[in-house]
Structure formats: C-alpha cells, structure tokens
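J.: predicted structure and sequence below. I'll ask about it afterward.
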Amino acid sequence: MSILLQVSNLSKQYSGQKVFSGLSFTISSRQKIGVIGRNGAGKSTLFRILTEEEEADEGRIIIGESTHIGYLKQEEDFIGQEKSLDYLKRLSGKEDWSIRKVADKFQLKEEKLSLPANKLSGGWRMRLRLVGMLLKEPNLFLLDEPTNYLDLNTLLLLENYLQSYKGSFLIISHDREFLKQTCTETLEVSNNGCYHYPGNIESYLIFKKQKLNTLLKANDNLDRQQKHLQDFVDRFRYKASKAKQAQSLIRKISKLENKRITIESKAGITRIIIPPTIKRQNFALRTNNLVIGYNEQALVSGIDFDCQTGEKLAILGLNGQGKTTLLRTLVGSLPKIDGSFRWLTDCKIAYHGQESIKALNNNEQVGTYLRREAASDIKTEAVLKMAGDFLFKDEELKKSIGVLSGGEKSRLVLAGLLLSKPDVFVLDEPTCHLDFETVEALGAALKKFNGSVLFASHDRTFTNMLATGLVEIKEGRARIYAEDYEKYVNELEKKLLAEIEDKKEVIENNEAKEKYLIKKINRKTSLSLEKELNKLKQEQQKLTDYFFHNPTDYDLEKVKKLEEIKKNIEQKEEEWLVINTK
C-alpha cells in the first residue's frame, strides 16, 4: 500500500491564538477518511496547508511522488460570465465528449452546461465544481464541506460516486449520514492534535463516548480518594500524634492530582434548551391555492397544506425549485402572487435565513445582541448557556458582530431566535455552519419544542430527527408526502440509481457501437494499407533488381525514387502497426 501523504507534528496559530498543534497522520492508497471536529478546530486551515495555500508554523508534510491532489474548497473559482462547459474545459483541458461523460454522472445536461456557471443555483454550481475536480483525475481528494447547500439528489449522486471511487479522500463534513455512507475511517481534529480511528463515524462516536465515560469514572474515583484523604488531613492535621501521617497524606493527595486526566471537551453531551411557548390549539398555518414566485412570475402554484400547532414540517425539493421562496413568502419577505395563507392569530414567528443574517448590526456586541433578542423573562444564565452552546463564550461575547465570519453570524442569529420564545420557527438551512453534535442537539431541542417548526434542510440526520410531516416542491407544484422521511430518501435513492443504471447501459451500448465502428474502420484501413504496402514493396523490388543487374548505371532519378519508396513503406508500416495494436 503506497503512502500518498504524511503529516508530522503540524502546528498553526493566528495572531498568537493557537488553531491546532501536534497534528500527525498518514494517508495511504484507498483510504476513505471523514474529518470531524468542533467549529474553529482548524479543519479547513489544515486543508489549505496541505494544498500550499497557507504555511504551517511548525511540522512537516511529505507528499508522495505519485500523489495527485484534488481540492474542492468552499470558495468558487468561476471567471466572469464563462459558460459551465468552458469552465470545465479550462480546468481539465479535456475534449467535450470526455467532459460530458463525467458531467452526466451528476445529471449536468447540455441545458446546464450552456449556461454561465455563476447563473446556476447553489446545488448545480457545486455539481459543476465536483465534475471539474473529478476531470483532473486525482488519486487523493480533499473535500471541504461538499454537502453545504447540496440538494438531496446531488448528495445521493455524490455518495454513489464516492462509494465506488478507487482512490483516497479526506472529507470535512458536519453531515453525519453523509460521512457514514462514504467514509470507512475517522480523523478528529482538535486544538491539541488529532486522533485517527480505523472505523466509520458511528463506531468512532461509540468509542469516543465509552472513552469519555472511562475518563470521567477515573476522575470521579480520584475525587473520592482525595476527599477521603482530605477528610483525614482536615481532622488530624493539627494533632501532634497524627501530624506526620497527615503530611504524608497531603503529599499523596498532590500525587493523585497529577494523575487527573484533563478532558478537553464534553462535546456531544451538551443539551440545548429552547424556552417553551404558550400552548396553542388548532392550526399554526393554513395555505389555500397559494402561488409564489418573483416579479409576478410564478415559480410554484397550487400550494395547499396545513401546519398544526406543534407540528414540524420539512420542506423538500431540489435547489431552485422554490423552498426558500416559499419560506420567505410565508414570513412576509416576499409578496405572494396569488392565493392565500393565514397564520394563527397573534402568532410570533422567528425566521432564520440569509436576510436575517444580512440585517445584523455590525457594531453591536455578540452578548448585547443575544440579551436583546432574548425574551424579557429569560434569565442571564440561560442566555449565557445558549451562547456557549453555539460557541460564544467569555471573550467571544465581547466581539463586535462585524468581525464574525459568515458561519459565526449564522450561529448567532440561530442562538438569538431560540431565546426569543416564538410560537413558530421558520428555518432555511439552519445547520450549514454547525458541527454535527450541535446539529443533533438542535434537532433534539426543536423536537421537544411545544411550538411549530417549518424548515428546509439537506441534513438527513437533522431532518429525520425532527420532521413529523413532509411537503415536497417539485416541477412547480407542492404536495404533502404521506410517508416518513427515511422512506422518502430510500425511494429517491432507488429512482436515482435506476436512472444511473439506465444511463450506464445506454452509454455502454453507445461505447460498444463506437468500438465496433472504430474496429470496422480500422480493419478497412488496415486492408487498404496492406494493399498499398504490397504495391510499394513490388516497386521497391523492381528498382532493387534493376540496380542489381546494372551496377554501373547510376540513375539519380531511380535512386531518389527508391529512397522515397523506402520512406513510404516505413510510414505505412508504422500506421499499420498503430491501427493493429489498438
């Protein structure tokens, strides 16, 4: 098994703030590794260092001579208004037919390939970038959050491809289901190093929980021993007859303290608590023949569904079909085109989407924002706990919102919404910037919430945890889906795989026809070359015989003719050899 990449004792910091230190691991051929870690642990920084976009402060990276790295980063690399096909040609340098063959695996048809790349929806742009990377034929992928904003179809297509991929890859993802389906090993990155586990995410989390429980028990045992010894010291320290023994026990307590194991994080056991709302009866929302879209142009028509109080409705569908448009219309950010919808009287709605993130006051401090967003009866401890659950602690609370990253702003808005005590949450991709432990804690909290939730999310673990009902938007219509989410995903996957198999059969048939035609043409060309060679060799023999029988007759024209024939024979023989060795 050849080694593709070696990382030894890697460290990185920004402005004196440690990102990570002591990272060491090795990647060999055919390893499929999921990279996990809390937000801010340095996962994306690690990838940028591996691809030489940044430099490490310490440590060593050895890249094998045969290693060809393909890096799918979070930022897009389109130029101006270049068409999608031109983008793929620029990246790969390959012919159109070769590009279309790979693009077809992600259902990128001529319609999409002829559009400017930056005009495609987020999911289609991600598909395009994936195809661009695959066309470079790397033997080591680095995928940084490839599932962000991917619709379910694209996610399943990517999974299907990666499951059959014969090279190695490292995938940073907060989508637990995606990692479970694609990766056979797990690499957890933290500020103090990394841990490479030879099993998938599910088995690693079980192992991690068992390890954490073992460490907690060991520390509890030390606590009991120390307390027992301390009780004796406190009781007899100043008694002359026991003083020497007490001093000995003090030293023993100190030695026990040195055995205490520092537990870096108790991630995964955090419980998010959403303040309950007033219990309501009846429907939280009713829609009647609702039509939505932009500039009077209908995108989805005939929307008829109800959301009962306490129900959690998942809005499903491909990117660009109208999920965000529907949510924005329901919260009043977009005008409806026709039909009607009605919320419960005096219903308080909390919306999480791009508009709410853009509306943040960049000069306001994080802590001030959360306190202001929290309902008036929410205590300071609850505000601080919610802030901590979304990774805003201590000095982070004093930061101005303007210095936060896009992901941090998204988390801040979400934390503020949870503290606001609404009757209904309307959430558009709320999990994109959360690690999967926080995603699952959020899903569990929203499930217990006594109000209603309408949400669009491509995170299958989150959706499966939360959804009590499904509304699918497809081809300009919306319908209630009667089955549960797991069955919905299974049916979609079966359909996609069947389409892939059908296309594969068509492609194989076309390739077989193409090979037959090429073989037929080659055979015909070969016979033609053989005839020409026979003719040339006959002429060569005649001239050779002439010079043999007339050694003193130096005919310059015949000499030139003979040399020309020899060159032609060599050329024809080379052509014949090429055709017959294909």
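T.: Arrived safely. All values reported here derive from a predicted model rather than from experimental measurement.
J.: for the rest of this, base every contact and every neighbour count on C-alpha atoms.
T.: OK.
J.: does F169 have any beta-bridge partners, and if so which?
T.: K32, F141 (DSSP bridges).
J.: from N282, how far off is it?
T.: F169 sits at a distance of 50 Å from N282 (criterion: CA to CA, to the nearest Å).
J.: show me which of those two is the more surrounded one.
T.: F169 (28 against 10; other CA atoms under 10 Å).
J.: so the more buried one makes contact with Q31?
T.: Yes. Counting by CA atoms under 8 Å, F169 does reach Q31; the two are 6.5 Å apart.
J.: count the neighbours of A382 for me.
T.: As a measure of burial, A382 has 15 neighbours, counting by other CA under 10 Å.
J.: phi, psi of it?
T.: Backbone geometry at A382, expressed as degrees, to the nearest 10, gives phi -70, psi -40.
J.: please apply the same query to T287.
T.: Torsion angles, degrees, to the nearest 10, at T287: phi -110, psi 150.
J.: beta partners of it?
T.: Those that pair with T287 in a beta bridge, by DSSP bridges, are F341.
J.: my guess is it contacts S301, does it?
T.: No. Here T287 lies out of contact with S301, judged by CA under 8 Å, at a distance of 11.4 Å.
J.: so I272: helix, strand or coil?
T.: coil (DSSP: H, G, I helix; E, B strand; the rest coil).
J.: same check, this time on the one 5 residues further on
T.: Assigned state for T277: coil (three-state reduction, three-state DSSP).
J.: and for the one 4 residues further on?
T.: Secondary structure of Q281, reduced to three states by three-state DSSP: coil.
J.: that one and V426: what is the separation?
T.: Q281 is 19 Å from V426, by CA to CA.
J.: which one of the two has more residues nearby?
T.: V426 (23 against 10).
J.: now the element after the helix or strand hosting the more buried one, going C-ward?
T.: Assessed by DSSP states H and E, V426 sits inside strand 424-428. With elements assigned by DSSP H and E, the helix or strand that comes after strand 424-428 is helix 436-448.
J.: quick one: list the elements packing against the following helix or strand past that following helix.
T.: Using DSSP H and E, the next helix or strand after helix 436-448 towards the C-terminus is strand 452-456. Packing partners of strand 452-456 (3 or more CA pairs under 8 Å, 6 or more residues apart in numbering; DSSP states H and E): strand 312-316, strand 424-428.
J.: which residues of the stretch 251-400 of the chain score low on pLDDT?
T.: Residue ranges of the stretch 251-400 of the chain with pLDDT under 70: 253-270.
J.: let's see it at 80
T.: Applying pLDDT under 80 to the stretch 251-400 of the chain flags the ranges 251-270, 281.
J.: just the strands in it please.
T.: With DSSP state E, counting those that start in this stretch as the criterion, the stretch 251-400 of the chain has strands at 283-294, 297-303, 306-308, 312-316, 338-343, 349-352.
J.: which one of the ones you listed lies nearest to Q365?
T.: With respect to Q365, and counting by CA to CA, the nearest of the strands of the stretch 251-400 of the chain is strand 349-352 at 19.4 Å.
J.: lowest confidence element among the helices and strands of the protein?
T.: Lowest on mean pLDDT, DSSP states H and E among the helices and strands of the chain sits helix 240-258, with a mean of 68.
J.: residues in contact with the closest residue to V300 other than its chain neighbours?
T.: Leaving aside its sequence neighbours, V300 sits nearest to G476 (CA to CA, 6 or more residues apart in numbering; 4.2 Å). The contact partners of G476, by CA atoms under 8 Å, 6 or more residues apart in numbering, come to L299, V300, S301, Q321.
J.: repeat that for R342.
T.: L285, R286, T287.
J.: between those residues, which is nearest T368?
T.: T368 has its nearest neighbour among those in L285, at 32.4 Å by CA to CA.
J.: the closest one contacts C307, correct?
T.: Yes. Using CA under 8 Å, L285 is in contact with C307, at 5.0 Å.
J.: what is the burial count for D223?
T.: 16.
J.: now it: how far from K217?
T.: 10 Å.
J.: could you do E145 as well?
T.: 35 Å.
J.: the more surrounded of the two?
T.: More neighbours surround E145 than the other of E145 and K217, with 20 against 12 (other CA under 10 Å).
J.: residues contacting that one?
T.: K73, Q74, I171, I172, S173, H174.
J.: now the first one, nearest residue through space, not along the chain?
T.: Beyond its immediate neighbours in the sequence, the residue positioned closest to K73 (CA to CA, 6+ apart) is D144, lying 5.3 Å away.
J.: end to end, how far does stretch 465-475 reach?
T.: 27 Å.
J.: revised request: answer the last question for stretch 295-312.
T.: 30 Å.
J.: return the set of buried residues in stretch 161-178.
T.: Across stretch 161-178, burial judged by 16 or more other CA atoms under 10 Å covers 162, 167-178.
J.: again with stretch 293-313
T.: 293, 299-313.
J.: again, but for stretch 104-116
T.: By neighbour count on 16+ other CA under 10 Å, the buried set for stretch 104-116 is D104, K105, F106, Q107, L108, K112, L113, L115, P116.
J.: D545: neighbour count?
T.: Per other CA under 10 Å, the neighbour tally for D545 reads 12.
J.: if you could redo that for G367, that was the one I meant.
T.: G367 has 23 neighbours, counted by other CA under 10 Å.
J.: quick check: closest non-adjacent residue to it.
T.: L397 (4.5 Å).
J.: touching the strand holding V426 from outside, list them.
T.: With CA under 8 Å, 6+ apart as the test, strand 424-428 has contacts from 284, 324, 327, 331, 347-353, 451-457.
J.: equivalent analysis for stretch 487-494, please.
T.: With CA under 8 Å, 6+ apart, stretch 487-494 has contacts from N153, L156.
J.: quick one, domains of this structure?
T.: Domain segmentation of the chain under automatic domain parsing yields 3-204, 209-258, 283-482, 493-580.
J.: all set, thanks.
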